[in-house]
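Student: Here's a sequence, model it:
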Amino acid sequence: MYNDILRFIPLHLNDPLRLWAQGGDGSAGFNAKFFTTSAPTDPTTLLAFLAGIVTLIFLVIFGAYRFQKWKRYKEFETEMKSLDLGTQMEGTFAEMVRRYSMDEPVNILYSPRLFDEMASTEMVRVLGSAGSVKAKQEFIDTVYKIRIKTYHPDWHGEMAEKKAEAGSLN
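Tutor: You can find the predicted model right below:
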């Protein structure tokens with residue numbers, strides 16, 4: 001095998017390389033037999049090693065996925081805080097988004113259609129659960145307030161003004 005490789009090397013370089021590759025005159029040379037002989041490998045050890053490599057790859061990929069998801073959720077929380085919702089509304093909104101588990105949660109702040117789908121699913125869940133009618137009504141009112149304040153903040157101000165006017169007329 002090594003003679004085949006050495007055949008392509010020019011003749012004047014061939015002899016010293018051949019001597020070095022074969023260990024030559026007993027000096028410290030390249031021992032080709034070390035690389036051509038293999039030690040027996042225990043199949044259990046090999047399987048454990050491969051399982052460890054696969055597990056490590058899986059954990060790295062899963063960790064990267066979870067980190068990206070966490071980063072997107074933090075972006076959503078930052079944007080949600082800028083809406084100036086109350087703490088109860090922020091908590092309800094965050095729970096709904098967490099339960100709905102979107103890939104890009106921040107998109108829900110810019111898409112009324114996505115919010116309506118999520119809110120409908122949550123309302124069906126809450127209405128089907130055990131609990132008082134008052135608690136269910138408060139949840140639905142909170143979701144409605146979140147929608148108005150998120151997508152129509154000008155309506156929220158107009159409604160407050162109308163309520164104030166109605167209160168002063170009475």
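Student: what's near enough to touch the nearest residue to residue 119 once chain neighbours are set aside?
Tutor: Excluding its sequence neighbours, the residue lying closest to residue 119 (C-beta to C-beta, 6 or more residues apart in numbering) is residue 143, at 5.0 Å. (Glycine included, C-beta is placed from N, CA and C.) Contacts for residue 143 (C-beta atoms under 8 Å, 6 or more residues apart in numbering) come out as 92, 96, 119, 122-123.
Student: now, among these, which is nearest to residue 46?
Tutor: Distance to residue 46, by C-beta to C-beta, is smallest for residue 96 among the contacts of residue 143, at 49.1 Å.
Student: Residue 49 versus residue 94, what's the distance?
Tutor: Distance, residue 94 to residue 49, by C-beta to C-beta, to the nearest Å: 43 Å.
Student: what about the helices in the chain?
Tutor: Ranges of helices in the chain, per DSSP state H, are 2-6, 11-21, 32-36, 43-81, 87-100, 112-128, 133-151, 153-169.
Student: of all the ones you listed, which lies closest to residue 106?
Tutor: Residue 106 lies closest, by C-beta to C-beta, to one member of those: helix 43-81, at 4.5 Å.
Student: mind listing what's buried in that closest one?
Tutor: The neighbour-count check on helix 43-81 (16 or more other C-beta atoms under 10 Å) flags 72-73, 76-77, 80 as buried.
Student: Most widely separated two among these?
Tutor: Pairwise over the buried residues of helix 43-81, using C-beta to C-beta, the maximum falls at 72 and 80, 12.5 Å.
Student: one step back: now the helices of the chain in TSV, please, with extra columns for mean pLDDT and distance to residue 106.
Tutor: Converted to TSV, those look like this (pLDDT from 0 to 100; distance: least, C-beta to C-beta, whole Å):
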stretch	mean pLDDT	distance to residue 106
helix 2-6	57	60
helix 11-21	53	63
helix 32-36	58	56
helix 43-81	91	5
helix 87-100	83	9
helix 112-128	86	11
helix 133-151	85	12
helix 153-169	54	17
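Student: can you list the domains in the protein?
Tutor: Recorded structural domains for the chain (assignment: automatic domain parsing) are 2-36, 69-165.
Student: isn't residue 89 right next to residue 150, touching?
Tutor: No - Residue 89 sits out of contact with residue 150 when judged by C-beta atoms under 8 Å, with a separation of 9.3 Å.
Student: Leaving out the residues flanking it, which one is nearest to residue 92?
Tutor: In space, and not counting its chain neighbours, residue 92 is closest to residue 142: 5.1 Å by C-beta to C-beta, 6+ apart.
Student: close enough to count as contact, the one you found and residue 89?
Tutor: Yes - assessed by C-beta under 8 Å, residue 142 is found in contact with residue 89 at 5.9 Å.
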